[in-house]
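>>> build me a model:
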Amino acid sequence: MRYLPQRLSCGPMVAAGLVFGGASSTLAADLGPPPAPVVEAPALPSWTYRFTPYGWLLALNGTETIRGRSVKVDASFADIVKASDTLVALMGDFEARNGPVSLFTNAVWANIGVDGNRIRSRSLAPGVTGALATSLSLDIDMAIIEAGAAYEVYRSGPLAFDLLAGARYWHQSADLSLAVTGAVSTADLDVVGSRALAHSGSVDWVDPMIGGRIRYTVSPGHELLLRGDIGGFGLGSDFSWQAIGAYGFELGTYQGVTFSGVVGYRALYVDYSQGEGRQRYQYDMLQHGPVLGISARF
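Residues are numbered from 1 along each chain as shown. I've put the predicted structure just below:
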């Protein structure tokens, strides 16, 4: 009896698996390893901008010296409004921020008038002869521009602290009106009727300044700001200081611009002097009062 060798038969499914398995292995080898997952880089901080026009309800306390004649000034906001061409000092504040860095500038313009009820004669500078006559009025045309940079050095939750440095430019022109009496030397004054006018001319100086600022987010859309700085150091004025407290609250957003109301208080003191005798000019004054404004952030 003859035995025929048995043949191993592969079914169509096994054969297909071998064929396609080989093909898939070849295809996988051709494609190579799967691509690595894409890791997106974190977005870099961008610049944001804030512009805030203010009104500053000024009061003055200090001493003004023009042409060697000094007067003591003690005038409230209401007193100044009665004798001034403007109701408030006009201010504008602009800040550009990118992460912890910010650049800022602030400008103030005011035309201030004070009548004789709020100023009184004080003294004469050395070299000025005669007695000081009764003071009738004082008018000051003033501009202040400051610019600088701030850097956030500390942050914890809603609280942030910035260090700042910059410079503050002052421009003033002042006129003092005095009653003419027989004891007053008018050699360097303009006499108009019964008045003698002392003109300061244009006076300008620049103060370096350093300071700090606290920003605290009370709640979304509500921020408290406290700022203080000192300056002068004998390079411009003998000394100056400033303190600002403000509270901002969002009013709404229109076309990508967020508007906020701002209320606060600003006090700025400076002691500046130049010249001697009849050329003596001194502005030793504290300017202070409430501020009201609306900011636009974009």
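>>> and Ser76, what does it touch?
Shown in contact with Ser76 (CB atoms under 8 Å, 6 or more residues apart in numbering): Ala59, Arg118. All C-beta atoms are positioned from the backbone trio N, CA, C, and that covers glycine.
>>> let's see 7 Å
Ala59 (CB atoms under 7 Å, 6 or more residues apart in numbering).
>>> and it, how close does it get to Leu60?
9 Å (CB to CB, to the nearest Å).
>>> just Gly157 next, same as before
In terms of CB to CB, Gly157 sits 40 Å off from Leu60.
>>> Tyr283 now?
10 Å.
>>> who's Leu224 bridged to?
Tyr216, Tyr247 (DSSP bridges).
>>> partners of the one helix or strand Asp271 maps to, with directions?
According to DSSP states H and E, Asp271 maps onto strand 257-274. The pairing partners recorded for strand 257-274 under DSSP bridges are strand 239-254 (antiparallel), strand 281-297 (antiparallel).
>>> and that strand, average pLDDT?
What strand 257-274 shows for mean pLDDT is 97.
>>> just the buried positions in that strand, please.
Neighbour counts over strand 257-274 (16 or more other CB atoms under 10 Å) mark Thr258, Ser260, Val262, Gly264, Arg266, Leu268, Tyr269, Val270, Asp271, Tyr272 as buried.
>>> winner for burial among the strands paired with strand 257-274?
strand 281-297 (a mean of 19; mean count of other CB atoms under 10 Å).
>>> the nearest residue to Leu159 once chain neighbours are set aside and Ile294: what is the separation?
Closest residue to Leu159 apart from its sequence neighbours, by CB to CB, 6 or more residues apart in numbering: Tyr216 at 5.3 Å. Between Tyr216 and Ile294 the computed distance is 21 Å (CB to CB).
>>> repeat that for Gln287.
On the measure of CB to CB, Gln287 and Ile294 end up 22 Å apart.
>>> which residue packs closest to Ser102, ignoring adjacent ones?
Closest to Ser102 by CB to CB, 6+ apart is Ala150, at 4.7 Å.
>>> so that neighbour bridges to which residues?
If you apply DSSP bridges, the partners that Ala150 bridges to are Ser102, Leu164.
>>> helix or strand for Arg120, just tell me which one.
strand 119-124.
>>> in that strand, what's buried?
Ile119, Ser121, Leu124.
>>> in the sheet, who's paired with the last one?
Note on Leu124: beta-bridge partners Arg69, judged by DSSP bridges.
>>> Asp141 sits in which helix or strand?
Going by DSSP H and E, Asp141 is part of strand 135-156.
>>> buried ones in that strand?
So for strand 135-156, counting by 16+ other CB under 10 Å, buried means 135-142, 144-146, 148, 150, 152.
>>> tabulate those residues (CSV), appending pLDDT.
Listed next are those as CSV, based on pLDDT from 0 to 100:
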residue, pLDDT
Ser135, 78
Leu136, 84
Ser137, 90
Leu138, 92
Asp139, 93
Ile140, 94
Asp141, 94
Met142, 95
Ile144, 97
Ile145, 98
Glu146, 98
Gly148, 98
Ala150, 98
Glu152, 98
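>>> what two of those residues have the greatest distance between them?
Spatially, the most separated pair among the buried residues of strand 135-156 is Leu136 and Glu152, at 50.6 Å (CB to CB).
>>> distance of the residue nearest to Leu159 from Gln279?
48 Å.
>>> who's in contact with Arg69?
With CB under 7 Å, 6+ apart, Arg69 has these contacts: Leu124, Leu132, Leu176, Leu178, Ala198.
>>> quick check: the farthest pair among those residues?
Longest span within the contacts of Arg69, CB to CB: Leu124 and Leu176, 12.5 Å.
>>> count the neighbours of Thr134 for me.
14 (other CB atoms under 10 Å).
>>> look at the closest residue to Glu276 other than its chain neighbours and give its secondary structure.
In this structure, Glu276 finds its nearest non-sequential neighbour in Gly127, 6.6 Å apart by CB to CB, 6+ apart. Following DSSP: H, G, I helix; E, B strand; the rest coil, Gly127 is assigned to coil.
>>> one step back: from the buried residues of strand 257-274, pick the one nearest Val88.
Nearest member of the buried residues of strand 257-274 to Val88, counting by CB to CB, is Arg266, at 11.8 Å.
>>> what's the spacing between the residue nearest to Glu276 and Gly275?
Distance from Gly127 to Gly275, by CB to CB: 10 Å.
>>> among the two, which residue is more densely surrounded?
Gly275 (15 against 11).
>>> how about the contacts made by the residue nearest to the spatial centre of the chain?
In the chain, the residue lying closest to the centroid (CA atoms, centre = their mean) is Asn106, at 4.6 Å. If you count contacts by CB under 7 Å, 6+ apart, Asn106 has them with Met91, Asp93, Glu146.
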